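*Asks:* Here is a sequence together with a model predicted from it:
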Amino acid sequence: MKQMIRWIWVLLVFFVPSLLAQALFQETFSEGTLDNVWYPGFNANGKGKIFTPKPYPDNPSGDGWVGWMSTARPDTGMVASCFAGDPGWSDFYFEAMVYLPAEGGTPFGFFQLFGLEFRVDSSGNTSGYQFVAVLNPNSMVTPRFRFRKRPKDTPAQPVVIHEWKATDYPELIPDTSGWYKMAVNVVGDQFWFYFNDQELPGCPYTDTTSSPKFDSGFIGFYAFHMNFNDQLDSANLYVDDVRVTEPLTQIDDAEPVAIEGYRLEQNYPNPFNPTTTISFTIPRGEWVNLEIYNNLGENIRTLVAGRFPAGTHSVRWDGRDDRGRVVPAGIYYYRLKAGDFVQARKMLLAK
């Protein structure tokens with residue numbers, strides 16, 4: 001019974017993200033249909049946009065269908081926005097594949113942004129928080145990610161809360177067009193942002209603006225495109241694999257466990273690319289498990305599963321999963337179990 005209780009505790013502590021990540025909402029646009037009700041944003045005049053399923057070969061899910069919106073509209077021709085879900089959502093994890101263009105246009109002749117909206121307030125012209133990106137170097141705003149807010153009283157005048165510029169983080173922001181996963185984890189007044197499963201530097205962030213905060217709301221998508229040379233020009237937003245779950249539980253660096261003679265060291269180097277070394281110490285010979293988990297709590301690699309003699313041991317991880325595939329850059333966790341000793345630590349794979 002004690003052994004069973006111990007394993008239940010281990011599962012709760014170290015597999016919490018995968019256990020708690022229960023789906024609240026999903027939209028794949030499969031077979032050209034919408035599984036959820038979507039509403040138009042910026043809709044005070046009734047001319048807003050919602051997704052239209054469109055055929056798209058080689059889309060991320062492989063089913064040949066995506067969601068599409070154009071910024072072209074009768075009243076403005078600059079913005080596309082729509083939302084769905086539950087207005088009572090407060091804490092959640094929201095991810096989607098978004099097609100981000102990185103070429104075209106006259107240098108500094110246009111301005112465009114694409115990305116996620118969350119805790120959307122649907123009263124009047126929609127307002128809320130955004131995680132948006134621009135990859136095109138020809139845009140008036142150079143490549144970067146932005147965490148920003150459209151205040152309820154002035155939604156057409158967004159306020160930047162934080163941004164990550166390509167000049168500061170060239171390894172994070174790609175320079176080629178393609179499908180990229182954008183995600184946000186929202187817990188209370190804290191916000192974690194992810195791009196291709198890599199947590200952005202400095203997370204979590206909070207709303208530092210002077211206007212009222214958004215405590216709950218819908219999820220949605222946003223695209224803005226203004227061409228200074230051609231008012232009729234527009235842009236397209238393509239989205240796939242929309243998913244909302246309960247919020248991810250962040251696995252923090254565990255403090256050393258008070259069992260004499262056991263120790264799990266911080267990996268070195270950290271950050272690393274492509275390999276790193278993990279060292280651990282055990283006071284007596286026993287069975288040892290050393291496993292790697294991604295930021296969703298999924299076990300991707302078992303480095304050690306065998307009996308080791310007493311002493312200090314080192315194991316190298318080459319940044320590959322159990323199937324030999326190179327894993328993407330991002331935050332990972334390694335967990336050591338030896339007897340009654342269980343400890344996890346965090347590491348960063350940089351590309």
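*Replies:* Perfect, thanks for sending it. Treat the numbers as computed from the prediction; the structure is a model and nothing was measured. Numbers count the residues shown, from 1 in each chain.
*Asks:* so where's the stretch 251-351 of the chain uncertain?
*Replies:* For the stretch 251-351 of the chain, applying pLDDT under 70 flags the ranges 251-259.
*Asks:* in the stretch 151-300 of the chain, which spans are strands?
*Replies:* With strands called from DSSP state E, counting those that start in this stretch, the stretch 151-300 of the chain shows them at 159-165, 178-187, 190-195, 198-199, 218-227, 236-245, 263-264, 276-282, 286-293, 299-308.
*Asks:* no wait, the stretch 1-150 of the chain
*Replies:* Going by DSSP E, counting those that start in this stretch, the stretch 1-150 of the chain shows strands at 23-27, 38-40, 52-55, 65-70, 79-84, 92-100, 110-121, 127-134, 144-150.
*Asks:* so which of these comes closest to Tyr293?
*Replies:* Taking C-beta to C-beta, strand 92-100 is the member of those nearest to Tyr293, at 16.0 Å. Placement of C-beta: from N, CA and C, glycine included.
*Asks:* Counting by contacts, list what that closest one packs against.
*Replies:* In this structure, strand 92-100 packs against strand 110-121, strand 178-187, strand 218-227, strand 236-245, with contacts taken as 3 or more C-beta pairs under 8 Å, 6 or more residues apart in numbering; DSSP states H and E.
*Asks:* Run me through the strand neighbours of that strand, direction for each.
*Replies:* Strand pairing for strand 92-100, using DSSP bridges, gives strand 178-187 (antiparallel), strand 236-245 (antiparallel).
*Asks:* Could you export the helices and strands packed on strand 92-100 to CSV, including columns for mean neighbour count and mean pLDDT?
*Replies:* CSV is the format used below for the helices and strands packed on strand 92-100 (neighbours: other C-beta atoms under 10 Å; pLDDT from 0 to 100):
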stretch, mean neighbour count, mean pLDDT
strand 110-121, 24, 94
strand 178-187, 20, 94
strand 218-227, 24, 92
strand 236-245, 22, 94
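*Asks:* and of those strands, who's closest to Thr167?
*Replies:* Nearest to Thr167, of the helices and strands packed on strand 92-100 and by C-beta to C-beta, is strand 110-121 at 17.5 Å.
*Asks:* What angle do strand 236-245 and the closest one make with each other?
*Replies:* Between strand 110-121 and strand 236-245, the angle comes out at 30 degrees (axes from the mean of the first three to the mean of the last three C-alpha atoms, to 10 degrees).
*Asks:* so how far is strand 110-121 from its chain's centroid?
*Replies:* Taking C-alpha atoms, centre = their mean, to the nearest Å, one finds strand 110-121 lying 15 Å from the centre of the chain it belongs to.
*Asks:* Over to stretch 56-72?
*Replies:* Centroid displacement of stretch 56-72 relative to its chain, using C-alpha atoms, centre = their mean, is 20 Å.
*Asks:* Please apply the same query to stretch 267-281.
*Replies:* Centre-to-centre, stretch 267-281 and its host chain are 24 Å apart (C-alpha atoms, centre = their mean).
*Asks:* got the contact list for it?
*Replies:* Stretch 267-281 is contacted from outside by 261-265, 288, 290, 303, 311-319, 326, 329, 334, 336, 338, 345, 347-351, using C-beta atoms under 8 Å, 6 or more residues apart in numbering.
*Asks:* Not counting residues beside it along the chain, what's closest to Thr206?
*Replies:* The shortest distance from Thr206 to any non-neighbouring residue, by C-beta to C-beta, 6 or more residues apart in numbering, is to Asp189 (5.0 Å).
*Asks:* Show the model's pLDDT score for the one you found.
*Replies:* Per-residue pLDDT puts Asp189 at 91.
*Asks:* List the contacts of it.
*Replies:* Taking C-beta under 8 Å, 6+ apart as the test, what Asp189 contacts is Thr206, Asp207, Lys213.
*Asks:* neighbour-wise, which of those leads?
*Replies:* Highest neighbour count within the contacts of Asp189, by other C-beta atoms under 10 Å: Asp207, with 18 neighbours.
*Asks:* Which residue is the nearest non-sequential neighbour of that residue?
*Replies:* Nearest residue to Asp207, sequence neighbours excluded (C-beta to C-beta, 6+ apart): Lys213, at 4.9 Å.
*Asks:* Isn't that neighbour up against Gln190?
*Replies:* No. Assessed by C-beta atoms under 8 Å, Lys213 is found out of contact with Gln190, at 11.7 Å.
*Asks:* how close does the residue nearest to Pro40 when sequence neighbours are not counted sit to Trp68?
*Replies:* Leaving aside its sequence neighbours, Pro40 sits nearest to Gly48 (C-beta to C-beta, 6+ apart; 2.7 Å). Gly48 is 15 Å from Trp68, where distance means C-beta to C-beta, to the nearest Å.
*Asks:* Isn't the residue nearest to Pro40 up against Phe42?
*Replies:* Yes. With contact defined as C-beta under 8 Å, Gly48 and Phe42 form a contacting pair (5.1 Å).
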